[in-house]
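**Student:** everything below, folded, please.
(one chain, ligands or ions: 2)
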Amino acid sequence: MKHSMFNIRNMDCPTEEALIRKRLGAVTGISELTFNLMDRRLGVEHTLADEQPILDALREIGMNAVPVTEADTVSKSEAVTHVVSRRTWIFMTVSGITAITSEIIVWSGADEQSLAVIALALLSIVTGGLGTLKKGWIALKNFTLNMNFLMSIATIGAISIGQWPEAAVVIFLFALSELIETFSLERAKHAIRGLMAMTPETATVRIDGGEWVEKGAADVQVEQIVRVRPGERIPLDGVVTAGGSSVNQAPITGESIPVAKTAGDPVFAGTLNERGVLEFRVTATKGHTTLDRIIRSVQEAQGQRAPTQRFVDQFARYYTPAVVAFAVLVAVVPPLLFGAAFELWFYKALVMLVIACPCALVISTPVTVVSGLASAARQGILVKGGLHLENGRLIKIVALDKTGTLTHGRPVVTDVIPLVDQAVDVLLQLAASVDAHSGHPVAAAIVSAWQTSADGSARLLLPVASFESLTGRGAKAVIEDQLYYVGNHRQVEELGICGPHVEEVLRRLEEEGKTAVVLTTENAPLCIIGVADTLRGHSVEAIKQLHALGVASVMLTGDNQTTANVIAAEVGIDDARGNLLPEDKLAVIDDLIARYGKVGMVGDGINDAPALARASIGFAMGSAGTDTAIETADVALMDDDLRKLARFIALSRYTSRVLRQNITLAIGIKVVFFALALAGKATLWMAVFADMGASLIVIFNGMRLLRIKGGIERDHIKSGHTR
Ligand SMILES: Nc1ncnc2c1ncn2[C@@H]1O[C@H](COP(=O)(O)OP(=O)(O)OP(=O)(O)O)[C@@H](O)[C@H]1O
Ligand SMILES: [Zn+2]
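**Tutor:** Ligands and ions are numbered 1, 2, ... in the order given. Here you go, the predicted model:
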């Protein structure tokens, strides 16, 4: 299975999608088509040897397709923008002037059938409308109803009843509205890309011998060393090797407060180096950086249809044929059955053909959804598809992981309480030696407590054998022929060696919000270690904002219930679920979905992947630089700021409001003109004008989403202070 992408400049109206589907559907070996109407891009899944049959089939229906590759979708798409040629401009001007002149001559009393009028109108139709007529003919040959076909019929119909000037004006206005629509879509596209694509074209690279040379960013390879000066944008992703600075990472995270960078820290293409000189080792080439992936993801997200878009497409599928059928009845029935004037009713039918074009309706959703996605991306929220952007508003409850999500996930040892008559150091060394082989944050805390404790000398770890990590409990290992366990209360209970004294100490630590683990042998508890994690700075405010939006919160953790309750109370979470094994977390998510419908789940995206996948919308945080999180989550929050949750939900609500406005508007205008047409009060050119107006209004209404920044918090989250 292969994937090919094409740019099709003259895929003017979304209704042409049907034509393309029909034609390519007849080519064997093609299994799936994805349309990106804003970028005029077509994706094809196929098993063909090469792309030629696809190109040929497209040419047959008048579409000039240019193949594009995955890697250059980001950069090249900018070059392949739709530019209107000079010739088109001249032709359009001639067409407009002649159409209007012919109309004026008729108004001033001349006969509609006079030679001058007919000549002018014909000239107008040839200069402005030939393209439309040609496409209309192709549509007719392929038995599809698209707007080129409808406009052609309307024009020819008007001519057939001798309304030459009317025919000219209609086809000219239609061509003009296509041009204007192209322009406004182009503007929308540029606005969207302008929000995100800001990487420099060149990079300063070190070559053999230590010299620095300026190179095209596209020519820089992975592992090369690149230097950026203060005030410069970082050209590629990498890891700092020398120097120190602060970097404004807003293009990635949406957060403009600078982040300190020293050796070992990741840097991202498009971010702004503020103070010092940085040297970094390139980890991703142009076209593959985090920013590129964000941009591509926004572009591709448009290909998957959001629910509204599916509704609109479905609606358009029935709407157009229904109106056309009705128009036929209008033209035929009154004159035949009631002896009404044929020309009058025929004209009404032609107006209805114009009204049958669903263009405004069909274009309104993608513009809105893409604007919403772009606006989210600019705020450091990568939404993987219009579906999630639309569904976000339905989230009733958010489940949050405790460790690493609400807290920093970097706990430190606060208490070491011996239960036997042995030196604290000896016990801590045993625990650290076992845990040195575990990746758990609690284990890391114990190891670093041992290695950095008071007297400062490097502390040795004992050699261990048969290390085993015990899910949801802890770990065990053999040291000098003795089996040791380091684990939680569950572990001690399962060994059957718990007692009132142990429980008393555990409870004391837990009530302080600490995580308590016990070092034991198979036969006896030896020592209790208390570990404390710190809350992330924005956790409290993030929960407050969620509640202000009417979204409930629940905390999930493998830690014990008492500690869970204490932490939940600190952050203001309604409901804390402790002692959860990984499979329990899945069960909780299922239960929440059954009770609330749409459930969000937030985690770091690596340990919580199954629960994130199970939730209606899975949010991975701290995603910048972690490929897996960006791939697996439904929504990737680029940094650790949980306030992005509320921002996402508010944006989703706002987006769906704009979507509904646009649909109401587009359909409303149609209904009004339908009534006017029936009453004989609408002319052809008014109908074309209304269609153009509606398209423009919905495009600009959709683009309003691009202007949202922090403002959405003020409007939609009624909580105290936000930045
Ligand atoms: N290697 C270990 N050393 C010591 N204690 C451990 C270890 N692994 C797990 N534990 C204990 O078991 C508990 C449950 O662990 P688990 O990994 O299921 O949850 P968690 O990741 O700590 O919490 P959360 O679900 O909030 O991320 C931990 O809170 C800790 O007390
Ligand atoms: Zn117990």
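**Student:** can you tell me the SS state at S553?
**Tutor:** Under DSSP: H, G, I helix; E, B strand; the rest coil, the three-state class of S553 is strand.
**Student:** distance of the closest residue to Q491 other than its chain neighbours from ligand 1?
**Tutor:** Of all residues not flanking Q491 in the chain, R473 sits nearest, at 4.1 Å (CB to CB, 6 or more residues apart in numbering). For every residue, glycine as well, the C-beta is placed using N, CA and C. Noted for R473: a distance of 6 Å to ligand 1, by CB to the nearest ligand atom, to the nearest Å.
**Student:** surely R473 and R490 touch.
**Tutor:** Yes. With contacts counted by CB atoms under 8 Å, R473 reaches R490, the gap being 5.5 Å.
**Student:** what residues are up against whatever residue of the stretch 201-350 of the chain ends up closest to ligand 2?
**Tutor:** Of all residues in the stretch 201-350 of the chain, G264 sits closest to ligand 2, at 42.2 Å by CB to the ion. Contacts for G264 (CB atoms under 8 Å, 6 or more residues apart in numbering) come out as V239, V240.
**Student:** and it, how far is that from ligand 1?
**Tutor:** For G264 relative to ligand 1 (CB to the nearest ligand atom), the value is 25 Å.
**Student:** same deal with N142?
**Tutor:** Where ligand 1 is concerned, N142 sits at a distance of 57 Å (CB to the nearest ligand atom).
**Student:** for that residue, grab the count of nearby residues.
**Tutor:** As a burial measure, N142 scores 17 neighbours (other CB atoms under 10 Å).
**Student:** need the contact list for it.
**Tutor:** L19, K22, R23, I61.
**Student:** what sits against the first one?
**Tutor:** Counting by CB under 8 Å, 6+ apart, L19 touches I61, I138, A139, N142, T144, N146.
**Student:** now, which of the residues you listed sits nearest F311?
**Tutor:** Nearest to F311 among these: N146, at 19.8 Å, using CB to CB.
**Student:** just the pLDDT at the closest one, thanks.
**Tutor:** At N146, the model reports a pLDDT of 79.
**Student:** ok, it - how many residues close by?
**Tutor:** Neighbour tally, N146, other CB under 10 Å: 26.
**Student:** please apply the same query to I395.
**Tutor:** 26.
**Student:** what about the strands in the stretch 1-150 of the chain?
**Tutor:** Secondary structure of the stretch 1-150 of the chain, counting by DSSP state E, counting those that start in this stretch: strands at 2-8, 30-36, 41-46, 65-68.
**Student:** the stretch 251-400 of the chain now?
**Tutor:** 259-261, 266-267, 272-273, 278-284, 381-383, 395-401.
**Student:** listing partners with orientation, what would you give for the last one?
**Tutor:** Pointing back at strand 395-401 there. Counting by DSSP bridges, the strands paired with strand 395-401 are strand 552-556 (parallel), strand 598-603 (parallel).
**Student:** for ligand 2, what is the nearest residue in this structure?
**Tutor:** C498 (3.3 Å).
**Student:** check which helix or strand covers that residue.
**Tutor:** Applying DSSP states H and E as the criterion places C498 outside every helix and strand.
**Student:** can you tell me which residues in the chain are near ligand 2?
**Tutor:** By the rule CB under 5 Å from the ion, the part of the chain lying against ligand 2 is E493, C498, E503.
**Student:** next, count neighbours for the first one.
**Tutor:** In other words, E493. Per other CB under 10 Å, the neighbour tally for E493 reads 13.
**Student:** neighbouring contacts of the helix or strand containing it?
**Tutor:** Assigned by DSSP H and E, E493 falls within helix 489-495. Contacts with helix 489-495, where a contact means CB under 8 Å, 6+ apart, come from 470, 472-474, 485, 498, 502-503, 506, 516, 518, 520, 522, 525, 560, 579.
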